[in-house]
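Chemist: Sequence plus the predicted model coming up.
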Amino acid sequence: MMFDNSTIISDEFSISVPNVFEDDSNDYEYNYEYKSGQGVFDSCSVSFNTPYGYSSAENLINQMSKYHSNDNPTEVEQLKLNDIVWYWFSYNDVFGTTYYYGTTKNNKVYLLEYSIQEDATTDCINYKQQVLDSINKK
C-alpha cells in the first residue's frame, strides 16, 4: 500500500502513546514500537498514516479484511471514540495479532495499524486501548 506524503498527519490528529514506546515518527506518519523483552517476537507497534488514493475508510477496511480472508479476520465493526468514527477489524497469524482502524476526514482516509507480536507481554493489549483513546482530531 502506498502512503500519501503530502498530508502532514500531525496537523490533522494528535496521538499520545505510553513512554515505553520508541518514537520513529515524521511529519507524514506516526510510528512507535515497544519491545517487551519476552523473546524474539516480543514487540507491539503502532503506525498511523494516510493511504494514497482512498476516500472512504469503510471501503478500505472492508477491502483489507477481504485481502486477509485466509487469516480468518474478525468482522468489520464500527467504533466511535472522541468524535471519530473508526471502521476496524483484526486477524491472527503465526506472528501475532494485527488490528486495523480506518477513519475518514476531509475525504481522506487515515489508517491506524496496531500489531502485537506473539511473545509480547499483556501490556501491549492494554496499550492498544490507551493509544486509541488518545487520538483526537485537530
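Modeler: Nice, thanks for sending it over.
Chemist: Tell me the gap between the helix or strand containing Val46 and the middle of its chain.
Modeler: Per DSSP states H and E, Val46 falls inside strand 43-49. Taking CA atoms, centre = their mean, to the nearest Å, one finds the center of strand 43-49 at 6 Å from the center of the full chain.
Chemist: same thing with stretch 100-120?
Modeler: The answer for stretch 100-120 is 2 Å, by CA atoms, centre = their mean.
Chemist: picking that back up, who touches the strand holding Val46?
Modeler: Identification of contacts with strand 43-49 by CB atoms under 8 Å, 6 or more residues apart in numbering yields 3-4, 9, 13, 15, 17, 21, 28-36, 110-117, 120, 124, 127-128, 131, 135. (C-beta placed from N, C-alpha, C; glycine too.)
Chemist: for the protein, which spans come out with low pLDDT?
Modeler: Residue ranges of the chain with pLDDT under 70: 38.
Chemist: what are the ranges of the strands in it?
Modeler: For the chain, the strands defined by DSSP state E occupy 13-14, 22-23, 30-35, 43-49, 77-81, 84-93, 96-105, 108-117, 136-137.
Chemist: Throw those strands into a markdown table and include mean neighbour count and distance to Leu60, thanks.
Modeler: Below are the strands of the chain laid out as a markdown table (neighbours: other CB atoms under 10 Å; distance: least, CB to CB, whole Å):
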| stretch | mean neighbour count | distance to Leu60 |
| --- | --- | --- |
| strand 13-14 | 16 | 17 |
| strand 22-23 | 12 | 26 |
| strand 30-35 | 18 | 18 |
| strand 43-49 | 22 | 12 |
| strand 77-81 | 12 | 14 |
| strand 84-93 | 18 | 8 |
| strand 96-105 | 21 | 5 |
| strand 108-117 | 22 | 5 |
| strand 136-137 | 12 | 18 |
